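# Provided below for reference: sequence and predicted model.
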Amino acid sequence: MAAFWSVKRSDTTSHVGSGALALAVVGLAVVPQVWNASVVQQLTTLLILVMLAAMWNALSGYAGLVSVGQQSFIGFGAYTTIFLTQQGVAPYLAVALAPLAAAGLAICLAPLVLRLRGGQFAVGTWVVAEAIALMVMLDHGLGGGTGVSLRGLNVLPSHIRRAYTYWLALAFVVLLLGLLFLLLRSRSGAALQAIRDDEHAAASVGVRTAPLKLAIYVLAGFGCGAAGALTLANTLFIQPRSIFGVHWSAFMIFMVLVGGLGTFEGPIVGAVVFFAIQNWFSDGGPWYLIGLGAVAVAFALFLPRGLWSVVSQGRQIQLLPVGYHLSRRPTP
Amino acid sequence: MSTAVLVGHRLSKVYGELRVLDRVDFHVGQGEAVGVVGPNGAGKTTLLNVLTGVVAASEGTVRLDGRDITGMRPEKRCRHGIGRAFQIPRPFGGMTVLENVFVGASAGAGLRGNTAYERCIDVLTTCGLIDLANRRAVSLGLLHRKRLELARALATGPRVLLLDEIGAGLTEAEADQLVGLILRLRLLGIAVVWIEHLVPVLVQVVDRLVCMESGRVIADGPPDAVLRDPAVVDAYLGKAVVSA
């Protein structure tokens, strides 16, 4: 029977899509040469949001690990950068190294949090984030509760500094989305989604659940650590209350739900939407937050599979193909 | 008797004061089909859980091809040849039918690339799901979910397949289709352990029947002999069924 059927992983749409994404990266790379420094800083923020959305989606949308504590790694990445510069490491090198430290933190935390399931995992990760925030606040060397500045970057002219930070952020986005794509496209991608849908059933068909969950948790820790370090490089000042704040998790959930949980493209769309809302309406004070909440509720009720489902409706469009498709071989 | 593939020796499972399994001896031979019957709460599903490793036995050992697998995790047991279909189908809802089966072929059987795809296509064809391959599993009806449950287990290349009441909730015609499918699996040389309340369905397939009650095996033998056993009639069937 196999003679009549074949399994395909990509089609014309996905070839075009992959090409378009590569072009988009090239286009984004020249932004600092074309636009002014404030646009570059804004777009750095957008790239950080894309990173965060992609990482939260990797955890929840592909591995079923609904975390409310990824701010652990955002804060840890930022404060590791501060710590490393205090030890004499060059600032941009510190930003590049901090995500590795965040991945190390994820490896340390994994035995504790990955044994938790569902709601326990969500609350557990949040508690861990608060605990780490408290420890940082108690450390006067890291500025305590009042916050701390990243020194060493203000010697550069601001437009140069912003361009460097932007390029570093773009490099991390490409690296993280690339790693995630390779993971999802490998055999482990299907196994991960099986864990998300039913962990016991996944084990019953031979999926090694523990190492896969660890891999995705460490990747998400690495990515969120990068986002934290880059946030610091972008703003030059952080406070523990805000960099370890649970609002980061709310933003990540918002972006992923609006864009499309468990799709590769959805979180990118969600990040763009959130970025637009943030830029146009954040002056609205409490109304901004009420509006944000209302949008999230509306999506949960009326478009639970997110904006990407509207784009791809019924056609199973995947710009970056991570799925499997059975098709009939053309008869000769 | 053929050589035993899967053997449980003096298996017990104790929850506090409650003995759910009480020193059960169980075996299934190469290519043999064994039916397991008994009233609710007799310990049938617990027996399957202990054999597949979802639940750790309080005492006793499980052997596969003579090798002690008592301490092995479920995913490792699967890769050594134990397949399982759950009582209530547990499809990977967010994935397509093909992707569900692919997980079995890749993670369970360790197949890669085209070999894995060919296994998927074979299994989907055998189970009558080939035309639904690109549908999301969540959109399937009950019969198709049960077939997917079987297909996914089959893709792992099992030597023995453990089925937990997969006939429950099906119409007579659907159950007949399922019987046809399981008979085909037997032709492939796969041993089958099937827990089922639909005794008339079961006897069309199995070589041997085991009856459990209160955590113990109370009868084990050829189906018609077991169904006439007074202890089985008393504990499970009731007198009317046998006289009919």
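Sure thing, it's come through.
# in chain A, what residue comes closest to chain B?
For chain A, the residue closest to chain B is residue A:206, as judged by Cβ to the nearest Cβ, at 3.1 Å. (Glycine included, C-beta is placed from N, CA and C.)
# with only the CA atoms kept, save stretch A:33-42 in CSV.
Only the C-alpha atoms of stretch A:33-42 are listed here, as CSV (Å, rounded to 0.1, in the frame of the first residue of the first chain):
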residue,chain,number,x,y,z
GLN,A,33,21.3,51.8,8.8
VAL,A,34,18.0,53.2,7.6
TRP,A,35,16.0,54.4,10.6
ASN,A,36,16.7,56.6,13.6
ALA,A,37,17.8,55.4,17.0
SER,A,38,14.4,55.6,18.6
VAL,A,39,12.8,53.3,16.0
VAL,A,40,15.7,50.9,16.5
GLN,A,41,15.1,50.9,20.2
GLN,A,42,11.4,50.2,19.6
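# state the mean pLDDT of it.
Across stretch A:33-42, pLDDT averages out at 86.
# now do stretch B:23-31
pLDDT averaged over stretch B:23-31 gives 92.
# is the residue lying closest to residue A:249 once chain neighbours are set aside part of a helix or strand, or is it coil?
Distances taken as Cβ to Cβ, 6 or more residues apart in numbering or on different chains place residue A:68 nearest to residue A:249, at 4.7 Å, with adjacent residues excluded. When classified by DSSP: H, G, I helix; E, B strand; the rest coil, residue A:68 comes out as coil.
# and the residue of chain A closest to chain B, that's in a helix?
No: using three-state DSSP, the secondary structure at residue A:206 is coil, not a helix.
# relative to residue B:170, how far out is it?
27 Å (Cβ to Cβ, to the nearest Å).
# the more surrounded of these two?
Under the criterion of other Cβ atoms under 10 Å in any protein chain shown, the comparison of residue A:206 against residue B:170 puts residue A:206 first, with 30 against 17.
# need phi/psi at the more buried one.
phi 100, psi 10 (degrees, to the nearest 10).
# domain-wise, how is chain B divided?
Per automatic domain parsing, the structural domains of chain B span B:4-81+B:158-243, B:93-156.
# show me where the chain dips below the pLDDT cut-off.
Because you didn't say which chain, this covers chain A. A:1-3, A:313-320, A:330-332 (pLDDT under 70).
# wait, I meant chain B there
Ranges of chain B meeting pLDDT under 70: B:1-2, B:239-244.
# longest helix in it, by residue count?
Longest helix in chain B by number of residues (criterion: DSSP state H): helix B:172-187.
# doesn't residue A:327 fall inside a strand?
Yes: counting by three-state DSSP, residue A:327 is found in a strand.
# any idea how far the nearest residue to it once chain neighbours are set aside lies from residue B:161?
Nearest residue to residue A:327 in three dimensions, chain neighbours excluded: residue A:8, at 5.6 Å (Cβ to Cβ, 6+ apart). To residue B:161, residue A:8 is 30 Å away according to Cβ to Cβ.
# that older thread, OK, contacts around the residue nearest to residue A:249?
A:122, A:123, A:125, A:126, A:246, A:249 (Cβ atoms under 8 Å, 6 or more residues apart in numbering or on different chains).
# what do you get for residue B:157?
Counted by Cβ under 8 Å, 6+ apart, residue B:157 has contacts B:81, B:105, B:108, B:109, B:119.
# most neighbours, which of these?
residue B:105 leads the contacts of residue B:157 on contacts (other Cβ under 10 Å) with 29 neighbours.
# pull the number of nearby residues for the closest residue to residue A:91 other than its chain neighbours.
Nearest residue to residue A:91, sequence neighbours excluded (Cβ to Cβ, 6+ apart): residue A:152, at 4.4 Å. Using other Cβ under 10 Å, residue A:152 is surrounded by 15 other residues.
# next, residue A:152: secondary structure please.
Classification of residue A:152 using three-state DSSP returns coil.
# one more: residue A:136?
Assignment for residue A:136 (three-state DSSP): helix.
# excluding chain neighbours, what is closest to it?
In space, residue A:136 is closest to residue A:240, 4.8 Å off (Cβ to Cβ, 6+ apart).
# could you pull up the residues touching the closest residue to chain A within chain B?
Per Cβ to the nearest Cβ, residue B:108 is where chain B lies closest to chain A, at 3.1 Å. Taking Cβ under 8 Å, 6+ apart as the criterion, residue B:108 is in contact with A:205, A:206, A:207, B:78, B:79, B:83, B:155, B:156, B:157.
# report the contact partners of residue B:191.
With contact set as Cβ under 8 Å, 6+ apart, residue B:191 has these partners: B:5, B:6, B:28, B:29, B:30, B:31, B:32, B:33, B:34, B:159, B:160, B:161.
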